[in-house]
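Peer 1: What follows is a predicted protein model with its sequence.
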Amino acid sequence: MIQAVILDWAGTMVDYGCFAPVAAFMKVFEERGIGVTQEEVRKPMGMLKKDHLRAICEMDRVAVLWQAQYGRTPNEADVDSLYGDFEPMLFSILHRYAEPIPGAVDMAERLRKQGIRIGTTTGYTREMMNVVAPEAAKRGYEPDGIVCPDEAAGGRPLPWMLYQNAIRLGVYPMKHLVKCGDTISDMMEGANAGVWTVGVLKGGSELGMTEQEVEACDPEELSRRLDQIESGFRAAGAHYVIETIGELDRVVAQINERLAKGERP
């Protein structure tokens, strides 16, 4: 049986649409005269935030813009400088982006009633989580464990945070774990760790829409976008893809049936 579910934070359990880091990423580049798009900012979402900045700088279009602005491509000193501005900017707004996504808290409680523990991984550092986690707890979401990339050998898509969750929660072998997240890096993290991996569509960074925008979106256009995101998740290693986080416990029940038959992720 599944013994623990490891959940991402922003875009999966809190911060519908994953908007907190997006605003800060776009602002720090804007202040340097570089106009990055929301799509570019969201592409590496889920990584450790400094790695995320580095990934944006390595994008061809961004490197060209940087070359035109500064006469050279961005280097590691530029990444350090960007991060130096990004971190306080993010800290100033994080407390406003800890609202649980609809259905998330109830789903977590249903898992707990089955004796399943709730762990987490994130692209946020521990210092950032020290802001987000207490705010989420005030709103009813408090997992059994939090592992941040600065507490492991590396962030996503490496598997180390999932292994650290397994150690802290006392779960072995890895087939008894489920990882759920809303980004490609979440799916790769789960696949690299050898655990059951679930992608969530609505509320996530890949879709990048508010709840109101999702409701107002043309059904055919929304379906097209969701299908595209699902294809990306499955290509990155997802075993299951769900529309909303509230469906996760039903997937866990299906995985338990597969485990009973001797199947592995």
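Peer 2: Ah, there it is. This is a predicted model, so every value here is computed, not measured.
Peer 1: Only C-alpha atoms from now on, for both contacts and neighbour counts.
Peer 2: Noted.
Peer 1: Following the host helix or strand of residue 24 in sequence, what is the next regular element?
Peer 2: Assigned by DSSP states H and E, residue 24 falls within helix 20-30. For helix 20-30, the following helix or strand on the C-terminal side (DSSP H and E) is helix 38-42.
Peer 1: for the residue nearest the centre of the chain, helix, strand, or coil?
Peer 2: Most central in the chain under CA atoms, centre = their mean is residue 46, positioned 4.3 Å from the mean C-alpha point. Under DSSP: H, G, I helix; E, B strand; the rest coil, residue 46 falls in the coil class.
Peer 1: any idea which helix or strand carries the closest residue to it other than its chain neighbours?
Peer 2: Leaving aside its chain neighbours, residue 46 sits nearest to residue 123 (4.9 Å; criterion: CA to CA, 6 or more residues apart in numbering). According to DSSP H and E, residue 123 maps onto no helix or strand at all.
Peer 1: same thing with residue 136?
Peer 2: Per DSSP H and E: helix 126-138 holds residue 136.
Peer 1: hmm, who's touching that helix?
Peer 2: Under the criterion CA atoms under 8 Å, 6 or more residues apart in numbering, residues 14, 91, 94-95, 97-100, 142, 147-151 lie in contact with helix 126-138.
Peer 1: After that helix, heading C-terminal, what element do we hit next?
Peer 2: helix 160-169.
Peer 1: Format the CA atom coordinates belonging to that next one as PDB.
Peer 2: Taking Å, rounded to 0.1, in the frame of the first residue of the first chain, the C-alpha atoms of helix 160-169 are listed here in PDB:
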ATOM      1  CA  TRP A 160      17.400  13.900  -3.600                       C
ATOM      2  CA  MET A 161      14.500  15.700  -1.900                       C
ATOM      3  CA  LEU A 162      12.300  12.700  -2.500                       C
ATOM      4  CA  TYR A 163      14.900  10.400  -1.000                       C
ATOM      5  CA  GLN A 164      15.200  12.700   2.000                       C
ATOM      6  CA  ASN A 165      11.400  12.600   2.500                       C
ATOM      7  CA  ALA A 166      11.500   8.800   2.400                       C
ATOM      8  CA  ILE A 167      14.200   8.900   5.100                       C
ATOM      9  CA  ARG A 168      12.400  11.300   7.400                       C
ATOM     10  CA  LEU A 169       9.000   9.600   7.000                       C
END
